[in-house]
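> Only the shape, not the letters, is given here:
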Ligand code: BG6
């Protein structure tokens, strides 16, 4: 649908009439979306008359739906949050429609709350298999106006082909500017801070390239397992569940060229260029540049965790861990490896990026080995930035100088102690309400990411790359250590 500017401006001027959550009783909605909306309501960030409409197939009365939302908000934010006036005014906004959203006739019940003449957000927190059908049904039901925004929760499809089919169905009634493909990592403060760190400081840009950088590491480590989502997970595995989106987004923010502005197209254009420059490994080299792993039983913080196979209750070759040596074929990054890894049931929940700089060309300190300078960006659980530098240790060493690597630390968690740690979805909802798409994934971007992931998956198949078991509570299979050690480097565990 083409967007006429004045109609869109009219729709926006009157504010978002409704946020409609499809899959309203599902896990994501209950754990993240409703609590995020409640926070925004409490802070006065939702438009005055904005309805919050839950849609799902479950035939329960509206009151019961509110009770469920209340329980989940209480669990996420605390029981006190749902006892006062804030909860009562929030509950008044909530409407529940038990409908099949793929059926245009049933969808017309939405018209009373989300008329197409007003702006609205249609958030699809449902299986990607339904994205195309619901988007088409919304159009057929005449519910899509110039101010209607469609939010799609990841994963967008399961490979490039299915993602392209979803994009094509969506494009029948929505222009690209109306589509908000969610990768919740982009809603995290720490991830947005990567943009600030790189482009608000003159210090890094001149050395952010192959001349000065030895390698980059990106790690998303989780202690949780698949938590009852075995059907979904078995079809996706860590490559599609984590690498295709969250990990690749972090990589793009580290590797992209400076965008000319924070404008939605400027930032996303630069990310797409990185994705297109990712080198696809061939079947003959995939074994040397990737590791697949699956967790066995083991102890995490002294508690016994079951193996993936026990949780799935069937034999499975699905990977819960991936390590990759990634190459980016462009002028800035030629020859600089990006070692990335992600896994479930690891020893620690930690997400970090390490930019390791080249060592000095000639050392005058014969008695002390010099470690590479490193910029360490910790994103989770605490947000910290540290610059590792070589220093002289106090005292009179044998050679006159004893050196030691030390950190210049910036703890954002400490500096902004009083700032509430937001749920990533809060920021994303605000952007959807205000119509800003910079922090959402563009159609061509999602397809480019899938293209690269599909090639890895195909190479795994052709080369029959095995899935190695690692004990829960460890840092993954031993061969992941070997992958980086072959290049004379080590993971920062
Ligand atoms: C989701 C994945 O997108 O991200 C999950 O499907 C994963 O498997 C989760 O656990 C991690 O998110 P966070 O915000 O806890 O790092």
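Noted; the coordinates are in hand. The structure presented is a predicted model; accordingly, all values stated were derived computationally and were not measured.
> Kindly confirm my reading that residue 272 is in a strand.
No. Counting by DSSP: H, G, I helix; E, B strand; the rest coil, residue 272 is not part of a strand but helix.
> just checking, it touches residue 446?
No. Applying Cβ atoms under 8 Å as the test, residue 272 and residue 446 come out as separate, 9.9 Å apart. Yep, even glycine has a C-beta here, placed from its N, CA and C like the rest.
> Which of the two has more residues huddled nearby?
residue 446 (27 against 20; other Cβ atoms under 10 Å).
> residue contacts, the more buried one?
Residues near residue 446 by Cβ atoms under 8 Å, 6 or more residues apart in numbering: 156-157, 163, 167, 181.
> which of these sit farthest apart?
Within those, 157 and 181 form the most distant pair, 10.6 Å apart (Cβ to Cβ).
> Am I right that residue 135 is in a helix?
Yes. Assessed with three-state DSSP, residue 135 lies in a helix.
> Could you pull up phi and psi at the residue of the stretch 101-250 of the chain found nearest the ligand?
Nearest residue of the stretch 101-250 of the chain to the ligand (Cβ to the nearest ligand atom) works out as residue 241 at 4.8 Å. Main-chain torsions, residue 241, degrees, to the nearest 10: phi -80, psi -40.
> Number of residues surrounding it?
By other Cβ under 10 Å, the residues close to residue 241 number 23.
> Excluding residues flanking it in the chain, which one is nearest it?
Sequence neighbours aside, residue 233 is the residue nearest to residue 241 in space, at 6.5 Å (criterion: Cβ to Cβ, 6 or more residues apart in numbering).
> just residue 375 next, same as before
Closest residue to residue 375 apart from its sequence neighbours, by Cβ to Cβ, 6+ apart: residue 355 at 4.3 Å.
> Report the contact partners of the residue positioned nearest the centre of the chain.
Note on the chain: the residue nearest the mean C-alpha position is residue 185, at 3.0 Å, using Cα atoms, centre = their mean. Shown in contact with residue 185 (Cβ under 8 Å, 6+ apart): 191, 245-246, 249-250, 424.
> can I get those residues in TSV with neighbour count?
Below are those laid out as TSV (neighbours: other Cβ atoms under 10 Å):
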residue	neighbour count
191	24
245	24
246	21
249	21
250	25
424	21
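> So which of those residues belong to helices?
In this view, the contacts of residue 185 that belong to helices under DSSP state H are 191, 249-250, 424.
> if I pick the residue lying closest to residue 50 once chain neighbours are set aside, what's in contact with it?
Using Cβ to Cβ, 6+ apart and skipping residues adjacent in sequence, the residue nearest residue 50 is residue 16, 5.4 Å away. Residues counted as contacts of residue 16 (Cβ under 8 Å, 6+ apart) are 47, 50, 118-121, 147, 433.
> mind redoing it with 7 Å?
Residue 16 makes contact with 47, 50, 119-121, 433 under the criterion Cβ atoms under 7 Å, 6 or more residues apart in numbering.
> Give me the buried subset of the residues you listed.
50, 119-121, 433 (16 or more other Cβ atoms under 10 Å).
> Counting neighbours, what do you get for the nearest residue to residue 223 once chain neighbours are set aside?
Of all residues not flanking residue 223 in the chain, residue 349 sits nearest, at 4.8 Å (Cβ to Cβ, 6+ apart). Using other Cβ under 10 Å, residue 349 has 13 neighbouring residues.
> And residue 247, by the same measure?
Per other Cβ under 10 Å, the neighbour tally for residue 247 reads 25.
> wait, isn't it in contact with residue 220?
Yes. The criterion here is Cβ atoms under 7 Å, and residue 247 meets it with residue 220 at 6.0 Å.
> shared neighbours of the two, which are they?
residue 342.
> so how far is the host helix or strand of residue 17 from its chain's centroid?
Here residue 17, judged by DSSP states H and E, is contained in strand 16-22. Relative to its chain's centre, strand 16-22 lies at 23 Å (Cα atoms, centre = their mean, to the nearest Å).
> Repeat that for stretch 149-156.
For stretch 149-156, the distance to the chain centre is 12 Å (Cα atoms, centre = their mean).
> What mean pLDDT does it get?
For stretch 149-156, mean pLDDT is 97.
> before we move on, what about stretch 105-112?
For stretch 105-112, mean pLDDT is 96.
> Return the set of buried residues in that stretch.
106-107, 110.
> Could you tell me the end-to-end distance of it?
Stretch 105-112 has an end-to-end distance of 14 Å (criterion: Cα to Cα, to the nearest Å).
> Tell me which residues are up against it.
20, 53, 97, 99-101, 137-138, 141, 143.
> buried subset of these?
Buried members of the contacts of stretch 105-112, scored by 16+ other Cβ under 10 Å, are 20, 53, 97, 99, 101, 137-138, 141, 143.
> Which pair of these spans the longest distance?
Farthest apart among those by Cβ to Cβ are 53 and 137. That separation is 15.4 Å.
> Correct me if wrong: residue 122 contacts residue 20.
Yes. Using Cβ under 7 Å, residue 122 makes contact with residue 20 at a distance of 5.0 Å.
> Wait, a strand at residue 163?
No. Assignment of residue 163 by three-state DSSP gives helix, placing it outside any strand.
> Just list the residues touching the residue lying closest to it once chain neighbours are set aside, thanks.
In space, and not counting its chain neighbours, residue 163 is closest to residue 157: 3.5 Å by Cβ to Cβ, 6+ apart. Counting by Cβ under 7 Å, 6+ apart, residue 157 touches 128, 163, 166, 450.
> Not including adjacent chain positions, what is the nearest residue to residue 198?
By the measure of Cβ to Cβ, 6+ apart, the closest residue to residue 198 outside its immediate chain neighbours is residue 204, 6.0 Å from it.
> Can you check the pLDDT for the one you found?
Per-residue pLDDT puts residue 204 at 95.
> Give me the pLDDT for residue 121.
Listed pLDDT for residue 121 reads 98.
> For the closest residue to residue 246 other than its chain neighbours, give me phi and psi.
Closest residue to residue 246 in three dimensions, ignoring its sequence neighbours and counting by Cβ to Cβ, 6+ apart: residue 185, at 4.4 Å. The phi/psi pair for residue 185 (degrees, to the nearest 10) reads phi -60, psi -30.
> now do residue 467
Residue 467 adopts backbone torsions of phi -110, psi 110, taken as degrees, to the nearest 10.
> how about stretch 405-414: buried residues?
Buried, per 16+ other Cβ under 10 Å, within stretch 405-414: residue 412.
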